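K.L.:
here is the input, now give the coordinates:
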Amino acid sequence: DASVLSKFRTRLVEHGLEEQVFTAMLTVLTGNGLIAASGRQRTDSTHVISAVRDLNRLEVAGESVRACLETLSVAAPDWLATAIDVGEWAHRYGPRIDSWRLPASQAKRDRLAQVYGADAVMLLRAVFAGEAPVWLAELPAVQTLRIMLVQNYLITTDSRGREVIRRREADTDGLPPARSRITSPYDTDTRWAAKGDDLFWNGYKVHLTETCDHDTERGTTSDHDGQSGPRPAPNLIVNVATTAATVPDVKATTGIHQQLHDRQLLPAEHYLDSGYPSADTIATAATRYGVTMVTPALLDQSAQARARTGYDKTCFTIDFDTRQVTCPQGQTNTCWSPAIQRGTEVIVIKFAGTTCGPCPTRTQCTTAKRGGRQLTFYPRDLHHALMAARTRQASDSWQDKYKLRAGVEGTINQALDITGIRHARYRGLAKTRLQHVFSAIALNLVRLHAWWTEHPLPAARTSNLQRLDHALAA
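P.N.:
Numbering: from 1, shown residues only. Predicted structure coming up:
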């Protein structure tokens, strides 16, 4: 029965064993010299669509009430029959909310939203009432309904003292950030996220890290001319990281390095796209993990740097010991203020208005109408790490070296074709991570089979005929 495998997967994630097989595979491969630390690795991410239906805010509200009612109907049917009018509520919440068409007019939709909110309040008050069984409040569906109510509704009183339950409006009342907003009562981990202007999905994100030491010799093989020569090692996946869809790549960078450190498989060079680096991640990778991130560091986004005229940050000389910044005209700052901006330590530098006002190059330095130039720098270590990364990536040799990263795009495509990694098969972050780990195992087995049987390494992009062959073999 399908429930057997479901319970098996549940036991795995509850005991933290979802990576047990993957870890065993990496241990064997390390012992046989097929993978090792201090090499070259590359990482990329892709979006993962959740296994639950996409719901709008109105549908989430109604379906959360329905999901709670379904749970209570099984857990405490006798109590529920005394708490609500079962006949009326069964008519409203019997079928799935998204199985019938919502009202077309905004007025009717607002009225329906009020009904869902009022029903949620009534049901929760009944559950938390003194005469209700205490354990009802601990049911996950009840907790989900509470969170939905807080995130989507406001309970106020009007001028006559009457209770008013209304839906939150983003412009006037505010909504929780996307990273914490529930989008389905059946998967409380899935989140809506966007990438660019054309990608908008509800689900997760997966990061795959693979080896790319193409020049490493792992035995020999014969080429087309019958000559014996070195055979390149297979590129193998050494780490899988699954996150919520709202977690940006830069927030996953240090976590990936920590996972590789725990596996004792940290690379010497790590190739990533521009979504992963920041001054903090570059410095942390180098100082804490001994990893050089080969990745395009974000350039100065100031108006002067974008226009490529005038004085950008590189034109100023910084002395962190004396806390002094000197401008191109030889003037020094009057203010050095450590601060926190968006959770990151920075240093805000200000020049006096009396200094910048009469300066003959003021128009090349600042667009401020009054006052002097203001700059924001990272602390010493982060500043030097970012400047060094920007200097390296300006060279032609670095550009040629960075081309190695592009190969991971084929790995993402292979994972999509063979394992369907972009669609979650299970609900919840933990089980989705389990799926991705076993997908990585499958990809490694496919690649190892090709290498062990001395077939040329196939292209990462899989043809329709190859996909059919994999399906028949399975």
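
K.L.:
now do the same for A388: its pLDDT.
P.N.:
The score at A388 is 87. That number is its pLDDT.

K.L.:
I421 too?
P.N.:
I421 is given a pLDDT of 94.

K.L.:
what's the answer for H455, then?
P.N.:
pLDDT, H455: 68.

K.L.:
can you show me the helices along the stretch 151-300 of the chain?
P.N.:
249-262, 279-288 (DSSP state H, counting those that start in this stretch).

K.L.:
just the residues contacting the shortest one, thanks.
P.N.:
Here helix 279-288 makes contact (Cβ atoms under 8 Å, 6 or more residues apart in numbering) with 250, 253-254, 257, 270, 291-293, 295, 297, 344, 378, 381-383, 385-386, 389. No exception for glycine: its C-beta is placed from N, CA and C like everyone else's.

K.L.:
hmm, P328 is touching T314, no?
P.N.:
No: contact criterion Cβ atoms under 8 Å: P328 and T314 do not qualify, at 10.3 Å.

K.L.:
possible to save the helices of the stretch 151-300 of the chain as TSV with mean neighbour count?
P.N.:
TSV is the format used below for those (neighbours: other Cβ atoms under 10 Å):
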stretch	mean neighbour count
helix 249-262	19
helix 279-288	19
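
K.L.:
distance to N444 and mean pLDDT for those helices - can I get that in a markdown table?
P.N.:
Below are the helices of the stretch 151-300 of the chain laid out as a markdown table (distance: least, Cβ to Cβ, whole Å; pLDDT from 0 to 100):
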| stretch | distance to N444 | mean pLDDT |
| --- | --- | --- |
| helix 249-262 | 16 | 96 |
| helix 279-288 | 25 | 92 |
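
K.L.:
looking at these, which is closest to Y186?
P.N.:
helix 249-262 (25.5 Å; Cβ to Cβ).

K.L.:
tell me what that closest one is packed against?
P.N.:
strand 40-49, strand 199-211, strand 237-244, helix 279-288 (3 or more Cβ pairs under 8 Å, 6 or more residues apart in numbering; DSSP states H and E).

K.L.:
at 7 Å instead, please
P.N.:
strand 199-211, strand 237-244, helix 279-288 (3 or more Cβ pairs under 7 Å, 6 or more residues apart in numbering; DSSP states H and E).

K.L.:
buried residues in the longest one, which are they?
P.N.:
So the one you mean is strand 199-211. Across strand 199-211, burial judged by 16 or more other Cβ atoms under 10 Å covers W201, N202, G203, Y204, K205, V206, H207, L208, T209, E210, T211.

K.L.:
list the neighbouring strands of that strand plus their orientation.
P.N.:
The pairing partners recorded for strand 199-211 under DSSP bridges are strand 40-49 (antiparallel), strand 191-195 (antiparallel), strand 237-244 (antiparallel).

K.L.:
ok, back up a step: taking the contacts of helix 279-288 one by one, which sit in strands?
P.N.:
H270, T292, M293, T344 (DSSP state E).

K.L.:
restricted to buried residues, select those in ChimeraX.
P.N.:
Remark: buried members of the ones in strands among the contacts of helix 279-288, expressed as a ChimeraX selection using 16+ other Cβ under 10 Å:
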select :270,292,293
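
K.L.:
closest to P95 out of the ones in strands among the contacts of helix 279-288?
P.N.:
Of the ones in strands among the contacts of helix 279-288, the one sitting nearest to P95 (Cβ to Cβ) turns out to be T344, at 48.7 Å.

K.L.:
quick check: beta-bridge partners of that closest one?
P.N.:
Q341.

K.L.:
pLDDT score assigned to it?
P.N.:
84.

K.L.:
what of D198?
P.N.:
D198 is given a pLDDT of 87.

K.L.:
and the closest residue to M387 other than its chain neighbours, backbone torsions?
P.N.:
Nearest residue to M387 in three dimensions, chain neighbours excluded: T314, at 7.9 Å (Cβ to Cβ, 6 or more residues apart in numbering). Backbone torsions for T314, taken as degrees, to the nearest 10, come to phi -70, psi -10.

K.L.:
among the buried residues of strand 199-211, which two are most distant?
P.N.:
Longest span within those, Cβ to Cβ: N202 and T211, 32.5 Å.

K.L.:
now do the strands in the stretch 301-450 of the chain.
P.N.:
317-319, 324-326, 335-341, 344-350, 374-377 (DSSP state E, counting those that start in this stretch).

K.L.:
how about these, which one is nearest V121?
P.N.:
strand 335-341 (38.7 Å).

K.L.:
by how many degrees do the closest one and strand 344-350 diverge?
P.N.:
Here the directions of strand 335-341 and strand 344-350 differ by 150 degrees (axes from the mean of the first three to the mean of the last three Cα atoms, to 10 degrees).

K.L.:
wait, G353 touches A368, no?
P.N.:
No: assessed by Cβ atoms under 7 Å, G353 is found out of contact with A368, at 8.7 Å.

K.L.:
residue furthest from the geometric center of this structure?
P.N.:
P358 (48.5 Å; Cα atoms, centre = their mean).

K.L.:
go ahead and confirm A137 touches V127.
P.N.:
Yes: contact criterion Cβ under 7 Å: A137 and V127 qualify, at 5.8 Å.

K.L.:
what's near enough to touch H383?
P.N.:
With contacts defined as Cβ atoms under 7 Å, 6 or more residues apart in numbering, the neighbours of H383 are F377.

K.L.:
how far away is it from I347?
P.N.:
8 Å (Cβ to Cβ, to the nearest Å).

K.L.:
what of R405?
P.N.:
Following Cβ to Cβ, the distance that separates R405 from I347 is 32 Å.

K.L.:
now for the host helix or strand of T144, which elements pack on it?
P.N.:
T144 belongs to helix 140-152 when elements are defined using DSSP states H and E. Here helix 140-152 is seen to pack against helix 57-75, helix 106-127 when contacts are counted using 3+ Cβ pairs under 7 Å, 6+ apart.

K.L.:
of all those helices, which one is nearest P234?
P.N.:
Here helix 57-75 is closest among those (Cβ to Cβ), at 44.6 Å.

K.L.:
need the contact partners of the closest one.
P.N.:
With Cβ under 7 Å, 6+ apart, helix 57-75 has contacts from 55, 80, 89, 93, 96-98, 102, 109, 112-113, 116-117, 119-120, 123, 139, 141-142, 144-145, 148, 152, 182-186.

K.L.:
what subset of these is buried?
P.N.:
55, 80, 89, 93, 97-98, 112-113, 116-117, 119-120, 123, 139, 141-142, 144-145, 148, 152, 182-186.
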